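Student: just to be clear, the model below is a prediction. Sequence and coordinates:
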Amino acid sequence: MPGAPDNASWGDYLDACVAATAGRAELVYIDDQIFLDHDVEPWTELPLWLPPGPQSAAAWATSCAKALAAGLHCRPVTDSIHDTVAWLFAPGGEREAFEDYRHFGASTPFLSPEKEQAILTAHAAKQPQTQ
């Protein structure tokens, strides 16, 4: 149901992000252990990712029942993605969205291209070889 709290899975969300941004990204699902092996900083280098374990067990298990009972209406995730992309691609949108990160200078808290490539290489090495 559109607007329901569970109106999109993580895969739906990512697919909608790719579609809304002209679809050039290739989604690759990586095992958590590879991120841990490459010292990926949870939440910052890889937004919305937390390693499995007792410290993060409840992160995604929160209930919105009280908010729904009080009248919360959840908009479809695809609407939020569409509006966010429109804002980012509007003149000045990207600057406005990321200006809080300017104090990082050339070193941002995001995953570097080199680290991303190392993770993808490690992932590919663990995949079964096809002939």
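Tutor: Structure received. Numbers count the residues shown, from 1 in each chain.
Student: least confident secondary structure element in this protein?
Tutor: Scoring the helices and strands of the chain by mean pLDDT, DSSP states H and E places helix 93-98 at the bottom, with a mean of 84.
Student: residues in contact with it?
Tutor: 87, 88 (Cβ atoms under 8 Å, 6 or more residues apart in numbering). Just so you know, the C-beta spots here come from the backbone N, C-alpha and C atoms, and that holds for glycine as well.
Student: buried residues in the next helix-or-strand element following that helix, which are they?
Tutor: Using DSSP states H and E, the next helix or strand after helix 93-98 towards the C-terminus is helix 113-125. Under the neighbour-count criterion of 16 or more other Cβ atoms under 10 Å, helix 113-125 has 115, 116, 119, 122 buried.
Student: residue 15: which of those is nearest?
Tutor: Taking Cβ to Cβ as the measure, residue 116 is the one of the buried residues of helix 113-125 closest to residue 15, at 19.5 Å.
Student: and the gap between the closest one and residue 46?
Tutor: As defined by Cβ to Cβ, to the nearest Å, residue 116 lies at a distance of 9 Å from residue 46.
Student: do the same with residue 30
Tutor: Noted for residue 30: a distance of 9 Å to residue 46, by Cβ to Cβ.
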